[in-house]
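Peer 1: structure for this input, please:
(chains A and B, ligands or ions: 3)
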Amino acid sequence: MPAYNTIVFHADRCDGCGKCMLACAQAKSASDSPQRARLEVLADDAGRFELAMCRQCADPECVPSCPAAALAKNAATGVIEWDHGKCIDCLLCTVGCSYAGIALDEAAGHVVKCDQCGGDPACVRACKPGALEYLTMARIYEEVGSLEDLFVQGLAGCQGCNTELVMRHTLRRVGPDTVVAAPPGCVPGMGAVGYNGLTGTKVPVFHPLLTNTAPMLAGLKRFYKRKGRQVTALALAGDGGAADVGFQSLSGAAERGEEILFLVIDNEGYMNTGMQRSSCTPYGAWTSTTPVGRESHGKSQDAKNLPLIMVEHRCAYVATASTAFMADFYLKLDRALQASKTGFAYLHVYSPCTTGWRFPSKKNIEVARKAVESNFVLLWEYTPTAGLRLTRSVDDPAPLSEYLEVLGKYRHLTPEQVAHLQRHIAENVATIKRHAVAEAPVSPASTPPGISSVRALQGPAASQA
Amino acid sequence: MEQTHYLIAGASHAALAALHAIRLVDADGSLTVIGRDRELPYSPTVLPHVVSGRSDPKCVFLRDHEYFARARVAYRCGHALVRIDPANRVADLDDGSRLRFEKLLLATGARAVIPPIPGLDAVPYHVLRTLEDALRLRAQLPQTRRAIVLGAGLIGMHAAENLSRGGARVTIIEQQEQVLPGYFDIDAARIIARAFERADVTIRTSARAVAIEAAAEGVALKLADGSTVSGDLLLIGAGVTPVIDFLADSRIQCDRGIVVDATMQTSAERIWAAGDVAQAASFYGARPVLNGILPNAVEQGRIAGMAMADDRALEGFRGAVPLNTYRYYGHHAVSVGSGAAPPGAEVVEYSDAESQRYLKIILDEGRLHGIFAINTPIDPGVMWQLVRRRLDLSAVRARFLAQPREMGRLLMSSLWR
Ligand SMILES: Cc1cc2nc3c(=O)[nH]c(=O)nc-3n(C[C@H](O)[C@H](O)[C@H](O)COP(=O)(O)OP(=O)(O)OC[C@H]3O[C@@H](n4cnc5c(N)ncnc54)[C@H](O)[C@@H]3O)c2cc1C
Ligand code: SF4
Ligand code: SF4
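Peer 2: Ligands and ions are numbered 1, 2, ... in the order given. Presented below is the predicted three-dimensional model:
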């Protein structure tokens, strides 16, 4: 089943100005009366807002309620379309719909409903506070879904593994003209580098040491370049290798501006070898080397901010991402890919680990999302010309407790330890804000201009696929 | 003998909703749909518009052959079910063929009731239930000068409007004291009736036909009060009754329709019934009811399909709610729920004869019991949800009574998130 674009409503950002309704009435009915809009923002007594509009249902109730076959779901766009020529004005569709998504427009004399303005909704354009958002992520899924998965089937990751998600998505997008370095960690651990003489990828892959990933990859890239071949040199490394023992060589490669894409999957420790702490493990976290007992209460140091250190190398591109925000992730992946053609690109993806962090495997994306929403993890990007820019607002974070309580590795935390974490987060936020370009607006990476760049970057390889 | 896992008798709203629900969870089970009509599936509801010429009879079909092919459904049109043997799970069709089924849905709908009026069988008359009926009636329109419509239900009212728009003088005869009984109270019915009278349609309520005879013009209808109405076209819209003739010796329990439980199962195992043919729980009373409206057929069809395919998401039927949307002479009327206010219920009514607007809301213990509107916009689907969910409106009572549409939208939007 295809994925579709959708209009989402962020009630917390709505100020009730009604400009969306006016824009809709003008666009669809050439009228300045908000009554003629196909969406309605409503305030409850507590001043909270709700939105009544068509949900473009997957299994709509309006369609089977129509006796005249005047309604149908467009398989390509997902929009429920209404055919004026067939409609007999019986209003039975308005009985089927539970959300007032289709209603009689008295002035027009027939039912009307949202059609998403053919892909550029007027309401979204009119909404200044960003309460209405046209989510075009579906198109990314559609595009990427049509690309070949360049890992083999049956990799032996843990159930619900986020790392597998990150690496499969990444390689699909980066494409077949790639050589992959997979230093020790979960990526080769689940079989990416292969066994019995076969690789786990459909592209060349090698297994460097933790200490020499970046220079080995850089050497290969230089070799291909000398041979006149355009390949992407991609490292899929863990946080331990990158931030600890492999850091010296990573720093060197970044400083030299090697043309590689170094992607770090940060699961906050050495999870593959038995959940030991790394310098990216957060304060207070349980690991097998920072146990919880009478003497030890989890890790006693704060996590190293590796991506920020990479910014200080003035890399061609540095960004942080999360699998809970895929549109943002894809956009950054595309930018990193582009940057790696001329310089060092570094992408740091936060990746919850069901086994090592102790939470139910089905909750991976929820955990990833809560990490971002609570500011435990910050999403931003950096280029030497544009500086550092937050890609998701750090204002109004969700309570930290919502994040901590899902994770077994923080179950033991005392109020003092939580307070410590909170201070550390506040410091992080302050530091990032200091780095951030003051005038650069916080803009989610999922806005339509981003999509066009995904399209533009897709290149000839994709059209062959 | 030919075998099919799922057999669906009927090819209209209830049948198609069931088919869809089955295919959502069982993509492969063999499925056969038999429909008595020779055409692709269509809705009886569209027929008044075929009569008026607004709908092209070639463009009213609810599905095409490609749909059935894609859904891997054997669609056999022009075949009627004539007998079923529940014990051996065999269905007999009118062409003599037999089908063995694992699960059977009876979605054969209803047909027009022909009232036992002396003389009726000796004169020509029309009913409106099938495409054939509609085309026959349409062909008759141009030469019709004076039409008699027997019954002021939805079918009769639609037909009367079409006939009068086509230039005929129309008289509607209704036994009860108002038009559209069951959906609107007498005040609302008066507002609707007035629009007809303004268009020169004569409405005779509390009028009972006692005899019919052929007359020079066509037919003459004698009423209980001694008067006579004559015309050149007679349309019977005196209600509908379930199509159940094939049940003769099946021992499946029937009352006015086929009696079903909350999953639409009949008294026989592996046999379900849904739509106009079924008699299911009422939302309002203990006695199971017929509820011959399209939304009811869709809902019951879906439930039956889910039950037949063992869909674990199935929730039982919450009871039939009378519902209607009605457009006449450019006006619009909506009724949701029961108009019979229980003792102690709060009834709020606004009515303005001048603007022909009307709104009546019945709240029972803070919950929506029924809402009826003429030329006053409300969202019937939202109201239906408020009724069936028995949502307690006490906290928002004042605003709901003042702005039912806004409040209903607010509630449903928040419940969704
Ligand atoms: C003129 C008119 C106007 C209407 N207007 C409205 C309205 O405005 N609003 C509303 O809610 N409802 C309206 N209705 C009622 C609505 O159309 C019905 O409630 C709805 O169609 C019921 O659907 P169903 O699937 O149960 O049965 P039906 O639509 O009656 O379909 C029955 C199906 O069974 C088939 N069938 C019958 N007998 C056999 C057999 N022996 N073997 C095999 N197949 C058989 C038929 O071919 C048909 O496909 C109207 C009805 C009419 C006639
Ligand atoms: S009109 Fe209502 S039922 Fe139809 S697709 Fe929109 S929200 Fe769903
Ligand atoms: S009003 Fe039009 S679109 Fe809605 S159910 Fe009736 S015929 Fe279909």
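
Peer 1: list the contacts for A:A285?
Peer 2: Under the criterion of CB atoms under 8 Å, 6 or more residues apart in numbering or on different chains, the neighbours of A:A285 are A:E268, A:G269, A:R277, A:G298, A:K299, A:K409, A:Y410. From N, CA and C alone the C-beta is placed, and that goes for glycine too.

Peer 1: stretch A:62-77 and ligand 1 in contact?
Peer 2: No - Stretch A:62-77 lies out of reach of ligand 1 by CB under 6 Å from any ligand atom, never closer than 6.6 Å.

Peer 1: now the end-to-end length of that stretch.
Peer 2: 17 Å (CA to CA, to the nearest Å).

Peer 1: stretch B:242-255 now?
Peer 2: 10 Å.

Peer 1: distance from it to the middle of the chain?
Peer 2: Distance of stretch B:242-255 from the chain centroid (CA atoms, centre = their mean, to the nearest Å) equals 20 Å.

Peer 1: show me which residues of that stretch are buried.
Peer 2: B:P242, B:V243, B:I244, B:F246, B:L247, B:S250, B:I252, B:C254 (16 or more other CB atoms under 10 Å in any protein chain shown).

Peer 1: ok, now stretch A:114-123?
Peer 2: A:C114, A:D115, A:Q116, A:C117, A:P121, A:A122, A:C123.

Peer 1: ok, so of those, who is nearest ligand 3?
Peer 2: A:D115 (13.2 Å; CB to the nearest ligand atom).

Peer 1: list the contacts of the closest one.
Peer 2: With CB under 8 Å, 6+ apart, A:D115 has these contacts: A:V79, A:E81, A:W82.

Peer 1: from those residues, pick the one nearest ligand 1.
Peer 2: For the contacts of A:D115, the nearest to ligand 1 is A:W82 (18.0 Å; CB to the nearest ligand atom).

Peer 1: show me the contacts for the closest one.
Peer 2: With CB under 8 Å, 6+ apart, A:W82 has these contacts: A:A70, A:L71, A:I102, A:V111, A:V112, A:K113, A:D115.

Peer 1: repeat that for B:F317.
Peer 2: So B:F317 contacts B:A262, B:T263, B:M264, B:A280, B:A281, B:E299, B:Q300, B:I303 (CB under 8 Å, 6+ apart).

Peer 1: pull the longest helix from chain A.
Peer 2: In chain A, assigned by DSSP state H, the helix with the most residues is helix A:415-435.

Peer 1: for that helix, buried residues please.
Peer 2: Those would be A:Q417, A:H420, A:L421, A:Q422, A:H424, A:I425, A:N428, A:V429, A:I432, A:H435, for helix A:415-435 by 16+ other CB under 10 Å.

Peer 1: what's next to it, contact-wise?
Peer 2: Helix A:415-435 is contacted from outside by A:282-284, A:297-298, A:302, A:305, A:308, A:311, A:374-376, A:378, A:380, A:387-388, A:390, A:394, A:400-401, A:404, A:413, using CB under 8 Å, 6+ apart.

Peer 1: return the helix or strand in chain A with minimum mean pLDDT.
Peer 2: Within chain A, confidence by mean pLDDT, DSSP states H and E is lowest for helix A:448-464 among all helices and strands, at a mean of 33.

Peer 1: A:A182 reaches A:M190, doesn't it?
Peer 2: No - using CB atoms under 8 Å, A:A182 is not in contact with A:M190, being 10.0 Å away.

Peer 1: looking at those two, which is more packed in?
Peer 2: A:A182 (27 against 21; other CB atoms under 10 Å in any protein chain shown).

Peer 1: ok, and the closest non-adjacent residue to that one?
Peer 2: A:P188 (4.6 Å; CB to CB, 6 or more residues apart in numbering or on different chains).

Peer 1: does that neighbour touch A:H207 like I think?
Peer 2: Yes - proximity of A:P188 to A:H207 meets the contact threshold set by CB under 8 Å, at 5.5 Å.

Peer 1: more crowded one of the two?
Peer 2: Each of A:P188 and A:H207 has its neighbours counted (other CB under 10 Å); A:P188 has more, 22 against 17.

Peer 1: quick revisit: neighbour-wise, which one of the contacts of B:F317 leads?
Peer 2: B:M264 (31 neighbours).

Peer 1: so what's that one up against?
Peer 2: B:M264 neighbours (CB under 8 Å, 6+ apart): B:W272, B:A273, B:A274, B:A278, B:A280, B:Q300, B:I303, B:A304, B:A307, B:F317.

Peer 1: secondary structure class for the residue nearest to it when sequence neighbours are not counted?
Peer 2: Distance criterion CB to CB, 6+ apart; nearest residue to B:M264, sequence neighbours excluded, is B:A304 at 3.8 Å. Under DSSP: H, G, I helix; E, B strand; the rest coil, the three-state class of B:A304 is helix.

Peer 1: can you pull the contacts of B:A304?
Peer 2: Counting by CB under 8 Å, 6+ apart, B:A304 has contacts B:A14, B:A18, B:A21, B:L105, B:A107, B:T263, B:M264, B:W272, B:A273, B:A274.

Peer 1: and whichever residue of the stretch 1-150 of chain B sits closest to ligand 1, what pLDDT?
Peer 2: Among all residues of the stretch 1-150 of chain B, B:G109 sits closest to ligand 1, at 2.1 Å; criterion: CB to the nearest ligand atom. On pLDDT, B:G109 comes in at 98.

Peer 1: kindly report the domain assignment for the chain.
Peer 2: As the question left the chain open, I've gone with chain A. Domain assignment for chain A by automatic domain parsing gives A:6-135, A:148-459.

Peer 1: that's the wrong chain, I wanted chain B
Peer 2: Split by automatic domain parsing, chain B gives B:2-111+B:241-308, B:114-236, B:330-416.

Peer 1: using CSV, write out every CA atom in stretch A:88-108.
Peer 2: Written as CSV, here are the backbone C-alpha positions of stretch A:88-108 (Å, rounded to 0.1, in the frame of the first residue of the first chain):
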residue,chain,number,x,y,z
ILE,A,88,-27.0,13.6,-6.7
ASP,A,89,-26.9,15.9,-3.6
CYS,A,90,-28.3,13.3,-1.3
LEU,A,91,-25.9,14.2,1.6
LEU,A,92,-25.5,10.5,2.6
CYS,A,93,-21.7,10.9,2.6
THR,A,94,-22.1,13.4,5.4
VAL,A,95,-23.8,10.6,7.4
GLY,A,96,-20.9,8.3,6.7
CYS,A,97,-18.2,10.7,7.8
SER,A,98,-17.6,11.0,11.5
TYR,A,99,-15.4,14.1,11.3
ALA,A,100,-17.4,16.6,9.2
GLY,A,101,-14.8,16.0,6.5
ILE,A,102,-17.4,16.4,3.8
ALA,A,103,-20.3,18.8,4.4
LEU,A,104,-22.9,20.7,2.6
ASP,A,105,-21.8,24.2,1.4
GLU,A,106,-25.2,25.9,1.4
ALA,A,107,-24.1,28.7,-0.9
ALA,A,108,-22.7,26.3,-3.4
